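A.B. asks: when you get a sec, could you give me coordinates for this:
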Amino acid sequence: MDINILRSLVTAGGFICFLAIVVWAYSKHAKKGFDEAAMLPFREGDDEAAQPTSMTDSKKEERES
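C.D. replies: Residues are numbered from 1 along each chain as shown. This is a model prediction of the structure:
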């Protein structure tokens, strides 16, 4: 097998993967998940992930020294 045939196959495979990702990203099935993910920063609740974390004074002092 010639190296140029291998290069062509890899290029064609990459292009097919790219097209598959584009079709998936713009499908109606994926829209619901993307809409939910887009609203995550605005979600209010008691989730620890939504709460900002801060360093305690002792950890701040350790970092400064």
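
A.B. asks: lowest-confidence helix or strand of this protein?
C.D. replies: The weakest-scoring helix or strand in the chain, judged by mean pLDDT, DSSP states H and E, is helix 57-64 (a mean of 62).

A.B. asks: so where's the chain shaky on pLDDT?
C.D. replies: By pLDDT under 70, the low-scoring segments of the chain are 46-65.

A.B. asks: helices along that one, start to end?
C.D. replies: Here the chain has its helices, by DSSP state H, at 3-25, 28-39, 57-64.

A.B. asks: next, the angle from the second one to helix 3-25.
C.D. replies: Taking axes from the mean of the first three to the mean of the last three CA atoms, to 10 degrees, helix 28-39 and helix 3-25 form an angle of 70 degrees between their directions.

A.B. asks: check what contacts helix 28-39 and list those residues.
C.D. replies: Residues outside helix 28-39 that contact it (CB atoms under 8 Å, 6 or more residues apart in numbering) are W24. Yep, even glycine has a C-beta here, placed from its N, CA and C like the rest.

A.B. asks: tabulate the CA atom coordinates of that helix in CSV.
C.D. replies: The C-alpha coordinates for helix 28-39 follow below in CSV (Å, rounded to 0.1, in the frame of the first residue of the first chain):
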residue,chain,number,x,y,z
LYS,A,28,-33.2,17.9,17.1
HIS,A,29,-32.3,15.1,19.5
ALA,A,30,-29.2,17.0,20.8
LYS,A,31,-31.0,20.3,21.0
LYS,A,32,-32.6,19.5,24.4
GLY,A,33,-29.3,18.6,26.0
PHE,A,34,-27.6,21.7,24.7
ASP,A,35,-30.4,23.9,25.9
GLU,A,36,-30.2,22.4,29.4
ALA,A,37,-26.4,22.9,29.4
ALA,A,38,-26.8,26.5,28.3
MET,A,39,-29.0,27.2,31.3
